[in-house]
Structures are given as structure tokens and as C-alpha cells.
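Novice: With the sequence up front, the predicted model follows.
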Amino acid sequence: MAAEKKASNSMYWTKAHDTLLCREVLALEPYKHKKGSNEAGKIWTDIAQSLKNCQQLKFKQNLSQRAVRERFSLLQTRYKEKEREETRASGISPKQDELDVLLEEITEREKAAEENREDVNRKKENDKVTAEEMRKQAMERMSQTKKRKNQEDNGGDMKDRRKRRSGNDAVDF
């Protein structure tokens with residue numbers, strides 16, 4: 001009984017469904033946000049909602065953001081595997097259909113968004129280090145700052161300071 005209910009509740013994804021899904025993903029760009037974040041989840045929910053409201057094709061009415069996300073993930077995995085096989089097989093140039101073009105565009109934009117996020121994180125980290133250095137300098141005296149910077153530059157070795165010669169040093173000769 002439960003298997004019959006589950007079978008009638010599932011949806012069969014056609015190539016047209018997949019193409020429409022990829023168009024929506026390209027339009028709303030959920031990859032601009034970190035995976036698993038609230039913002040990305042809202043975008044996936046919007047994609048599922050717009051697919052349910054689509055007049056061109058019939059989507060099941062209880063389509064969830066998880067189903068849409070998992071289907072897109074499956075499409076991307078298949079596309080990447082297909083790309084690897086095509087690069088391994090030399091001398092072939094298969095024709096790309098609309099779905100392949102959309103997935104290629106999405107993959108490129110996803111990589112660009114990831115690089116952008118990494119750059120922003122790197123910049124934040126550099127700013128944090130600079131701010132920490134400024135705080136240290138503000139809290140210590142000038143001589144301590146010079147001494148610390150000297151140690152950092154020389155790898156921890158402290159240079160010997162010049163000593164004043166006193167009159168008694170001449171007697172030592």
C-alpha cells in the first residue's frame with residue numbers, strides 16, 4: 001500500500017522539465033549564496049514555486065525545494081561526468097543541446113561565484129590581521145613595536161644592540 005502511494009506521488013522528469021529547471025536556476029542564481037544558507041534555501045523554494053505555477057509543463061503540486069535541488073544536483077553530476085568522458089575521448093565533438101548549454105553556463109557562473117566568495121573571505125582575513133596589528137601598536141610603546149617588528153623580520157633572532165663604550169673599556173686592552 002505504501003509503495004503504491006509513493007509511486008503515484010513521484011514525478012517523472014523529462015528533458016523539457018530539466019531544461020525549464022535549468023532556466024529558472026540561471027535566472028534566480030542560487031549559487032551566489034553559500035550552500036545550505038537561508039538565502040539559498042529561499043531561492044530554491046522560489047524556483048520550486050515558479051515550476052509549480054508553470055503553464056507550459058505540468059509539475060506535481062507538492063514539488064519541494066529539496067526535490068528541485070536534488071534533481072539539479074543530479075543533472076550537474078551527469079553533465080560533469082559527460083564532460084570528463086568527452087575530454088578523455090579524443091577527436092569527438094558531440095552536438096550540445098539546450099540543456100547542455102544551460103548546464104555549462106550555470107557551472108561557469110557557479111565557479112565565478114565561488115571564486116568571488118573566496119576573494120571576499122581572503123580580503124576579510126587580511127583586514128582582520130591588519131586591524132589586529134593596529135590594535136597591538138596602539139597598546140604598546142614605540143620601542144616595543146620596533147623590537148617586535150625586528151623579531152618578526154629576522155625570524156625571531158634579536159639583533160645585538162650597540163653598547164656604549166665606557167672609559168673602563170680602554171683599560172681592558
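Specialist: Sure, I can see it.
Novice: Low-confidence ranges, the chain, go.
Specialist: Residues of the chain meeting the criterion pLDDT under 70: 1-9, 155-173.
Novice: Go ahead and flag the most central residue of it.
Specialist: Residue closest to the average C-alpha location in the chain (CA atoms, centre = their mean): Glu114, at 3.3 Å.
Novice: Might you report the residue contacts of it?
Specialist: The neighbours of Glu114, taking CB atoms under 8 Å, 6 or more residues apart in numbering as the test, are Tyr31. No exception for glycine: its C-beta is placed from N, CA and C like everyone else's.
Novice: quick one: the helices in the chain?
Specialist: 2-9, 15-28, 38-52, 65-88, 98-139, 142-153, 169-172 (DSSP state H).
Novice: could you give the angle of the fourth one to helix 15-28?
Specialist: Relative orientation of helix 65-88 with respect to helix 15-28: 100 degrees, computed using axes from the mean of the first three to the mean of the last three CA atoms, to 10 degrees.
Novice: Are there helices or strands packed against helix 65-88, and which ones?
Specialist: The contact analysis (3 or more CB pairs under 8 Å, 6 or more residues apart in numbering; DSSP states H and E) places helix 65-88 against helix 15-28, helix 38-52, helix 98-139.
Novice: Return the distance of that helix from the chain's centre.
Specialist: 18 Å (CA atoms, centre = their mean, to the nearest Å).
Novice: same thing with stretch 81-91?
Specialist: The answer for stretch 81-91 is 26 Å, by CA atoms, centre = their mean.
Novice: Now it - C-alpha only, CSV.
Specialist: Taking C-alpha atoms only, stretch 81-91 is exported to CSV below (Å, rounded to 0.1, in the frame of the first residue of the first chain):
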residue,chain,number,x,y,z
GLU,A,81,30.7,13.1,-16.0
LYS,A,82,29.7,13.6,-19.6
GLU,A,83,32.2,16.4,-19.9
ARG,A,84,35.0,14.2,-18.5
GLU,A,85,34.2,11.4,-20.9
GLU,A,86,34.2,13.8,-23.9
THR,A,87,37.6,15.2,-22.9
ARG,A,88,39.0,11.7,-22.5
ALA,A,89,37.7,10.6,-25.9
SER,A,90,39.9,12.5,-28.3
GLY,A,91,38.7,13.7,-31.7
